[in-house]
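*Asks:* Predicted model and sequence below, questions to follow.
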Amino acid sequence: MAWQGNRTRPVRKVVTFSEQEWHYVRDSQVTENRQRVKAGLETVGWTRFARSRIMTGRSVTLLVPPGLDDIAVQLAHIGGNINQIAHTVNIRRRAEYAEIIETQRLLKEAVGLLSLMRDTVSAGLPDPGRLS
């Protein structure tokens with residue numbers, strides 16, 4: 001009974017696989033973790049993956065709408081431009097009117113891209129009322 005200790009999950013079982021079965025299981029975990037990374041979620045280890053599969057009896061498929069990577073790249077460029085303006089303003093200790101207007105324009109563009117990203121992700125998700 002040394003395994004139990006103060007663990008919240010004191011029951012331990014050993015599972016064996018053929019080589020072919022193990023490759024299938026391992027590939028399923030790798031695929032799920034790739035989907036999780038694309039969706040901005042943390043990856044899962046073997047124990048959590050196996051427990052989830054056994055308890056729910058189904059695989060997890062995360063739909064990441066196409067184009068999100070492009071939006072993220074555009075947001076990174078906007079952030080870089082804003083940082084350049086901020087750097088220049090900090091060196092001079094003053095901001096020109098044109099820099100303020102450009103920063104506001106870039107921030108509005110970023111907000112628009114974030115809204116597009118939200119709408120794109122929302123469109124790819126199932127209706128929450130239909131989940132059960």
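*Replies:* Structure received.
*Asks:* Would you point out which residue is most central in the protein?
*Replies:* With distances taken as Cα atoms, centre = their mean, Gly40 lies nearest the centre of the chain, 0.6 Å away.
*Asks:* contacting residues for Gly112?
*Replies:* Residues near Gly112 by Cβ atoms under 8 Å, 6 or more residues apart in numbering: none. All C-beta spots, glycine's among them, are computed from the backbone N, C-alpha and C.
*Asks:* And it, which helix or strand is it part of?
*Replies:* Under the criterion of DSSP states H and E, Gly112 resides in helix 97-124.
*Asks:* For that helix, the averaged confidence score.
*Replies:* Across helix 97-124, the average pLDDT comes to 85.
*Asks:* So what's the residue count around the nearest residue to Leu75 once chain neighbours are set aside?
*Replies:* Closest residue in space to Leu75, ignoring its immediate chain neighbours: Leu113 at 5.5 Å, by Cβ to Cβ, 6 or more residues apart in numbering. For Leu113, the neighbour count with other Cβ atoms under 10 Å is 16.
*Asks:* so how far is Gly67 from Leu113?
*Replies:* Plainly put, Leu113 is 11 Å away from Gly67 if you go by Cβ to Cβ, to the nearest Å.
*Asks:* between those two, what contacts are shared?
*Replies:* The contact sets of Leu113 and Gly67 do not overlap (Cβ under 8 Å, 6+ apart).
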